[in-house]
Structure formats: C-alpha cells, structure tokens
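Undergrad: coords please:
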Amino acid sequence: MGDTLQVNDSSMQALAAYLQKTLEPSTRHEAEVFLNKLEQNQNFGQLVLQLIATKSYDLHIRFSASLLFKNFVRRNWMIDDERDNRITASDRDAIKSRIVDLMTISEAKIQLQLSDAVTQIADTDFPQKWQGLIPELVSKLNAQDFVTNNGLLQTAHSIFQRWRPLYPSDNLYTEIKIALESFCEPYRQVFLATDRMVEASAQNTSQLKVLFETLHLLTEIYHDLNCHDIPEYFVTHLQEFLGLFHKYLSYDNPLLTGDDDDTPGPILQVKASICEVVELYSKRYEEDFTSLPDFIQTSWTLLTTLGLEPKNDTLVSKAMSFLTSVVKNGRHKEMFSSKEVLSQLCEKIVLPNMGLRESDEELFEDEPIEYIRRDLEGSDSETRRRAATELVRGLLDQYPTDVTAIITNYIQHYLQRYNSNVAENWKDKDAAMFLLTSIAAKSSGSQFGVTETNAEVNILDFFEKHVIPDLNAPVFGAIHPILKVDAIKYLYTFRGQFTKDQLLATLPLLARHLESTNYAVYTYAAICIERILFMRISGATGPMMFSSDDIAPLAESLTSNLFRLIELGQTPEKLAENDYLMKCQMRLILTVREKMMPLVNLCLARLTAIVQAVSTNPSNPKFNHYVFESIGALIRFICTASPEAAGQFENLLFQPFQVILQQDIVEFTPYVFQLLSQLLSFNAGTELSSSYQALFLPLVQPTLWQQQGNIPALVKLLQAYLQKGWPWIVANNQLEPLLGVCQKLVSSKINDHHSFELLQTMILSVPMSTLGNYMKHVLVMLLTRLQTHKTDKFRKGFINFSFFYMALDLEGTGPDGYWALFDTVQSGLFVQFLKTAWLAEAQKVSGRIERKTCAVAMVRLLTSCRTITEGTNFDAAWPSVMNALIKLFEAPQDVKGATQDAAMDADLYAIDIEETGYQSQFSQLATTSSSKIDPTAQIQDPKQFLLEGIVRFNQAYPGRFQHGQVQLQPDTQAHLANYLSTAGIAL
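TA: Prediction:
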C-alpha cells in the first residue's frame, strides 16, 4: 500500500485533470500509467467516489471516474492466496457505506457502472462481509420512482443471477436465505405496484417503457430467487405470481410494438423472461405448477401468431424451449401423442421456424463471418432454427417413429419442389437439409460431430443422393452458395459416421471449394477440412485417423489457397478476422508434420508477414494464437527431423521478433518468448550466438516482468538460456541478475511457483561449485517467504523443491548437501522441517514425476545420507522416513500407478482453443511445450532403487537396518518384508 491520499478539492481537481488526459490520444498512455500507480494509494476509491458525486464536474469526467472506479474494484477488491491486499479495511468499509446511495442518485450511465462495481464487491463480500447490502437496496425502492427502482433491481439481479449456474451447497442456500429474509415482501410490493401502474398508464408510452423494463427485471429476479428451490415465501404467493406471469405472457399494447423489426421491444423481452421462468418450473417444480396447461396453450398461441421478424426471435426461441421441456418431460405425453397434434406441431411451429428468412440471407451475404459463428459456435442458441431443432429432437425422444415419418414426408415434399425448379426453389432444399439433420442427429460433440443417429434415417444414402451431387457441382454458379454450404455442413455434421476411406475421398472435393469466391463457402470448407483432420480412431483417446502420408499430397494446394484467402484482408482487422482459415492451416501443419519441409520457407514467409501486418492492431486473439502455433509447429517438426534447420529459422524469425519486442506489442510478446525458448532449445551450437547474447540482458531487467502475461514465457526462456548457455551467463556476471529475478518471483503470490521452476533449472545446469556461494541466500529467501506470507501453493512448491534437491546425485546436492545448507542457517532446522513438513506432506505430493522424485529423495535419506546413517539422528529420522516412503508406495496414488504425463507428441494434435480455452494474459503454445524434466530419470523404479540401497546400506553398516526395522510401524514392516522376499533378498 502506498501513500494516503487526501480526499479534498485539490486532489479531485488533479484526478479530473488526469481523467481528461485519458480522453486525448496524445496523453492517454501517460495518464493511464499515472492512474494505475495512483490506485495503489490509500483512499483512492473514496477519492474517485467523491469526484463522481460532485456534480460541478462535467458529466463526461464523472462518467470516466465511474469507469475508473469499476475497473479499480475489478482489479483489486478480491483477496486470496494469489493476490496481495491492495485496499485497506477502512477503505473497503467507506466504499461499501457510500456506493449504493451514490448509485441511486447518479445519472443512468454512471449508475450502470456503479451497479457493476457493487456486483463485483458483492461477489466477494456478500453476505458475510456486507450483511447490510440487501436491506439497503430494499430501503431505496420507491413505489413512485421506477427509474431509480430499475437501477436497484438491476443491481439485485446482477448479484442474484450468479446463483443460477452454481452447484447446490449449504453455503449457497445460506446466502440465498439471507437475501430472501429482507427482499421478498418489498419485491412483491414493487411487482404489484408495477402491475397497477401498467394498468393506469395504458396510454402513456414513455411510462410504459420504464414499467416494462421494471417487469423485465422483476421476472429475471424471480428466476434468480427460484433457480435452486421454491422459497417458502414464493410457495405461499405462487398463484399470485403465476397469475401475473400469465397475464403478461398474453399482454399486448400497440404503443409498445415499435417500428423496429430487428430489436425486441420491452413487451417481447418480458415475455421471453416469463418463458424462461415457466420452463424452469416445468422442469423442477411441476407438482406445484398446476397452471402449466394454461401456459402451454398460451405459448402455442404465441408461436402460431408471431411473425418472422428478427425482433421476435428470442421470444420464439424461449417459447419453443419451454414446449421442448414439457415434451421431454414425458409425464405429459398424452397431450402430444396423437398424430394430429404432432402434425400440427410440426406444420405450424417447427416448419415455419426452420425456413431460411430474408434476414438470414442478408446476414449470409453481408456479414458471412457472423453467419458462420452463429451457426457453428452456438452463438445462435436463441435462433429459431436451433430452437426448432431442439423441439424436434424432444419430440423424437417421445414419439420417434411418428415424428420421423412426419418430418420425412416434408423432406420429400421439399426435395420434389426443389427438383422441379432448381434455380427458383433452392430454399426448399435448404429446408430439407436442415430438417434431415434435425431428425437424424441425436447427439453430437465438437470433435467428432454427430455421435448417435436416428436408426430410421439412412444418412449415407441421403449423402450419396443429395449431398455428393452438390459437392461435385462446379464451384462457381451452378447452385446457390447456401446449398454449397449446406452440403459441406452435412459432411461436417456427420463426419463421425463415415469411414476413413470415405472421408479421404471427400477431402479433394472440399479442397476445391477453397477456390470459391464466396466467403462462407470457402470458410465452411476450411472448417470441415480442419475438423476431419482432427478425427481420431476409436473415440477420444484413440490415435489420429489421418497420418502425414495421407495428407501430404494435398498440403501444397491447401497451403497455397488458405494463405491466399487469409491475405484477401486489406486491413489488419480484416486479415485477422477469419480465424477458421488460420486454424485449418495450423491443423494441416500438425498433421503433415516433417513432410511440410518443402513448404517451410513459403509458410514462414507468409506467417511472419501476417504477424507483422496484424501487429499494428491485434484484434482477434484466436487468429493470433493459431498463427504462432503454426510457427511453433514448423519449428518443432522440421528441427526435430533436421536439427541444422534451427539456424535457418533463427535467420527468418529474429528480425520480426525483434520488432515485436521493440514495439512492446503486449499481445504478442509472450508468444515470441515461447518461440525463442523453443528455438534456443533446438540450437545445436555449443555456445550462445551473439543474437542470443544481446537478447539476454533485457530479459533480466524489471520492465519486461511488469507485464503478467510475459512471466511464464520469460521463465521458460531463461530456463532455455541456463540449459544451453550457463557458462556464458556465469562468465558475464549474469547469475546474480537471474537470482534477482527469482527473488522477485518469490515475493509474488501469483508467480512464486515460477521461482521454483527457475531455481530447479539453475541447480540442474550450473555446477554447485559456482552456484553454492548463493544457496544460503536462496534458502533464507524461501524460508522468509514461508514464514511471512505462507500460502498453500508456496508451501507445496517448497516441499516439492526440497524433495527435488534431496533426490539429486550432483555435487553439493542430495540429503547431505541440503542438510548442510540448512545448518548454515540454523542448526537442527533440517530435522524440524523433515518431520513437520516434508514427511507429513509427502503423501499429498501430486504428479507422476513429483511423486517419483519424492520417493527417490526419501530413499537417499534412508540409504546414503551420512548425517542420518552415521550420526546421532538415526533413531529420530530413519524410521519416520521409512514409514512415509512405504506409505507413498502403498497409497492409492502410488508412484508407478499415477497417471502418466500425457505424451507431448499426441497432445499436439489436440490443440483446440474452443475446448481448452483461450487465456487473455498468457496462452501456452502447445507446439512449444516440452516434456517435464525428470531429475531422477536414471532411476526407473524407486522401489527397486530402495531395495538396492538397502543392500548397500546393510553391507556398509551391518546391523543398522535391523535396528531401524524394529522401530517401524507394523504395516511398514510387513510391506518391507514382502518387498525383500519378492526380490529374493535376505538380510
């Protein structure tokens, strides 16, 4: 915590001046740096709130202050093992005592920012540390001021809605109960008052808009409060609330219809929220939901009367989702069981919402990337087509034969109409394709597509008759582009149902479509190719379906077309827009591997040019990641096959990498450091080149380490420097700066684990004759942190580090070396840690290599640690170590039975940001990752190592083993006797 700020006029004026500077491009960076530093001072939050409250300042300044305050809370409020406390308790209390009141009297756009800040604070503090929050919100509700009410209700909803996805627990129910105690009755009164005001304001458009915003928030809050169980209060008033919901599900008022066909108005938003509530009740509380039939009928009426305008999409989707939940329930099977009802459902609800609308065509033509994302990434979860598909699948679950027959008849009808006039009736085939998919696909996943199909639908027959002809049709002009997309998407969807040979036969057909001039067509082709290359044999754990030999013949044409299409973008934003194309190129490299050798120069030239172009505005993180993964894949596979190629890669990549580092492009620097560490690891030279030497000095300066996203990559790069060039580091007096980096990492709760990674590499690389001079300082540094700011993560890291040190068989290491090191700090400290920390926590060590290292360390303690075997510590230490070791061997998570580290080679195929998640600060490049170093690699089996050690120990110190054996726990004695007997060893 820095200095204490004075909350006065002069401080506010200074703050306002810097906020003004953030609005000017020429002074923005300087002002932001100053404000980031200023927020570390006490009273900062109070000063910002005071500025927001002072109406004499311009609104734009106070709004900027509200944004600053919200981000200040987001960055600093939470306290845990990973964060230092940067806001004092007095500041926290002062902020909480003022913010709700300030929020209610602020302008709407400031109110929204403060509401977000309240929500952020509540995430951490409510209810234990902010018990007065809900009573204060409730006290501000006003039956006459619905604008203020909406701000308060929005805040309450933001706090309560986080309960929806949470797993039920005692703590969650306690939190909900605390909120309900003071909230329920005022909430009900506001709901009733709003209803009365709607009746009284039937001809007042502006008032109705405010009131329906209130109704929308009230409905959302009802969902929040009922998401895990029906509270007793709501059981008591259930019919009253359901009556209100039914009233507004049926409500209409021409004043709120509006002229905008694209954006849902307030009535539609309320009705969509009501559909979500009744869907919840139909799934969870059906026994209490006696009016369910009324809501079914009203929803049916809505779905058959609402127009096809985009503004109705959300409501139509929610209403269909509600009907789907009722259908899937099964307890109301008789309501839909007749063929007549099923036919009406399909004809009046499913089919109208399956068709392609004019707005869909416009999106396809004008914003194809958005069309694709909505279609493939689930961002169309509230589209009519997806909701109608889910309704069909719900019906199929209950009435498979009847529904399949009904939909099949419509499919045939649509196909016949299409065939009668291909040019005019192309939308009929589009509808037929979509209907076929809806009844054929029962379950699917992102890796394999559809995994379970409807046995009554012949997928391959349909493919041969109706899909292959479209794929074989000329790329340009023969059929509508949407039908081309439909054909490609059919293959994409059902790829898991085809054999390897069948898929191989389709790849040239897909590759042809990369020559299309239609954005959506060539993008879908790339997406389908990428997903086919991602296929595995026999499920998620089987080997990859396609080898480099299978795909290499296509590599040149695919690469040429993919880069050509990417480079159609004329601006950095357009260049990086289509991450699907870049992902396909990455997957191609990962599949073809070292057989990309003839294309490596072409690929690197195009990739580095793309990096340089998009670096001016890195707008698409996924695209950027795939670019750098592609570079990493080329380095990995080509340098593995031809080690001399590392120098050529360095010549091609150093210049663009230096530009990125010099310009401090923060989105790219972590990638550059990872690739540099990979290149250095592959470098065959015996000494660091001048380029690497010149790069080293900036790496240990504080500037680069201020960016959190750089740190994991910088640590990895410094590890590569130590492994390849430690003599140069020592000769140039750079060991102390490296240790300074370790000290900085140790002091950070977020980054302390990286200090152990760096220290371990240092110990493995630098001879102890050189490093030993610094080891007392290192140990004191670690022990000080352990004593002053101990966290579970750091304690576990220190335990693993200690076992690592004791497991080594290098000069100055091993148990005796570590013991001697501890003695330089304090005599007897080693035995204290041995008993209270290392042995006590040994069973909690996780990870195959870590547990093996732990076991080897204890074997060395037992069989080769002279401080134990020859000194006075034998009885105090030896039996305890043996008991802990045997427990480690025999526990369920034993050393040999622990899950093996995933084979890195196989993992390369599985790069999939959609599944693993992209991290904005630092995203690990899978292609640059390496297998974890095993410091005891020469020891295959720790148990065998123990037996061999015992034999040597018994020979060197006759009778000592037997003396220690009788002091062991009975279970330990029995297991140890079994080990010796099984190995045929008699002592």
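Undergrad: switch to C-alpha atoms for all contacts and neighbour counts from now on
TA: Noted.
Undergrad: got the contact list for residue 976?
TA: Remark: with contacts taken as Cα atoms under 8 Å, 6 or more residues apart in numbering, residue 976 is in contact with residue 886.
Undergrad: That one looks like it's in a helix, true?
TA: Yes - if the criterion is DSSP: H, G, I helix; E, B strand; the rest coil, then residue 976 is within a helix.
Undergrad: ok, it to residue 986 distance?
TA: According to Cα to Cα, to the nearest Å, residue 976 stands 12 Å off from residue 986.
Undergrad: just for the stretch 351-500 of the chain, where's the confidence low?
TA: When residues are selected by pLDDT under 70, those of the stretch 351-500 of the chain lie in 378-382.
Undergrad: Which residue ranges of this structure form strands?
TA: In the chain, the strands defined using DSSP state E lie at 441-445, 449-453.
Undergrad: so what secondary structure elements neighbour the last one?
TA: Where contact means 3 or more Cα pairs under 8 Å, 6 or more residues apart in numbering; DSSP states H and E, strand 449-453 is packed against strand 441-445, helix 481-493.
Undergrad: which strands and helices sit next to the longest helix along the chain?
TA: The single longest helix within the chain, with elements called by DSSP state H, is helix 170-200. The contact analysis (3+ Cα pairs under 8 Å, 6+ apart) places helix 170-200 against helix 133-140, helix 205-226.
Undergrad: I'd like the average pLDDT over it.
TA: Confidence for helix 170-200, expressed as mean pLDDT, is 95.
Undergrad: Could you tell me the angle between it and helix 133-140?
TA: The directions of helix 170-200 and helix 133-140 differ by 10 degrees, with axes from the mean of the first three to the mean of the last three Cα atoms, to 10 degrees as the criterion.
Undergrad: mind listing what's buried in helix 170-200?
TA: For helix 170-200, the neighbour count (16 or more other Cα atoms under 10 Å) marks 175-176, 178-180, 182-184, 187-188, 190-195, 197-198 as buried.
Undergrad: just stretch 412-426 next, same as before
TA: Neighbour-count burial for stretch 412-426, counted by 16+ other Cα under 10 Å, picks out 414, 415, 417, 418, 422, 425, 426.
Undergrad: then it to PDB, C-alphas only?
TA: Listed next in PDB are the C-alpha coordinates belonging to stretch 412-426 (Å, rounded to 0.1, in the frame of the first residue of the first chain):
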ATOM      1  CA  GLN A 412     -39.500 -35.500 -49.600                       C
ATOM      2  CA  HIS A 413     -42.000 -32.700 -50.400                       C
ATOM      3  CA  TYR A 414     -39.300 -30.000 -50.200                       C
ATOM      4  CA  LEU A 415     -36.900 -32.100 -52.400                       C
ATOM      5  CA  GLN A 416     -39.600 -32.600 -55.000                       C
ATOM      6  CA  ARG A 417     -40.300 -28.900 -55.200                       C
ATOM      7  CA  TYR A 418     -36.600 -28.200 -55.400                       C
ATOM      8  CA  ASN A 419     -36.100 -30.700 -58.300                       C
ATOM      9  CA  SER A 420     -39.000 -29.100 -60.200                       C
ATOM     10  CA  ASN A 421     -37.100 -25.800 -60.400                       C
ATOM     11  CA  VAL A 422     -33.600 -25.900 -59.000                       C
ATOM     12  CA  ALA A 423     -32.900 -22.200 -59.600                       C
ATOM     13  CA  GLU A 424     -36.100 -20.800 -58.100                       C
ATOM     14  CA  ASN A 425     -36.800 -23.300 -55.300                       C
ATOM     15  CA  TRP A 426     -33.300 -23.600 -53.800                       C
END
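Undergrad: where's it relative to the chain centroid, distance-wise?
TA: Averaging C-alpha coordinates over stretch 412-426 and over its chain gives two centres that are 44 Å apart (Cα atoms, centre = their mean, to the nearest Å).
Undergrad: Which residues does it contact?
TA: So stretch 412-426 is contacted by 427, 428, 429, 431, 432, 479, 480, 483 (Cα under 8 Å, 6+ apart).
Undergrad: how about residue 106, what does it touch?
TA: Taking Cα under 8 Å, 6+ apart as the definition of contact, the neighbours of residue 106 are residue 53.
Undergrad: Show the backbone phi and psi for it.
TA: Phi and psi for residue 106, reported as degrees, to the nearest 10, are phi -90, psi 160.
Undergrad: Could you measure from it over to residue 53?
TA: 8 Å.
Undergrad: buried residues in stretch 965-977?
TA: Buried residues in stretch 965-977 (16+ other Cα under 10 Å): 965, 967, 968, 972, 973, 976.
Undergrad: can you give me how far that stretch is from the chain middle?
TA: With Cα atoms, centre = their mean as the basis, stretch 965-977 stands 47 Å off its chain's centre.
Undergrad: what does the average pLDDT come to for it?
TA: The average pLDDT for stretch 965-977 rounds to 95.
Undergrad: let's have the chain start at 18 instead
TA: From this message on, residue numbering opens at 18, which makes the last subject stretch 982-994.
Undergrad: I'd say residue 313 and residue 342 touch.
TA: No - with contact defined as Cα atoms under 8 Å, residue 313 does not count as touching residue 342 (10.8 Å).
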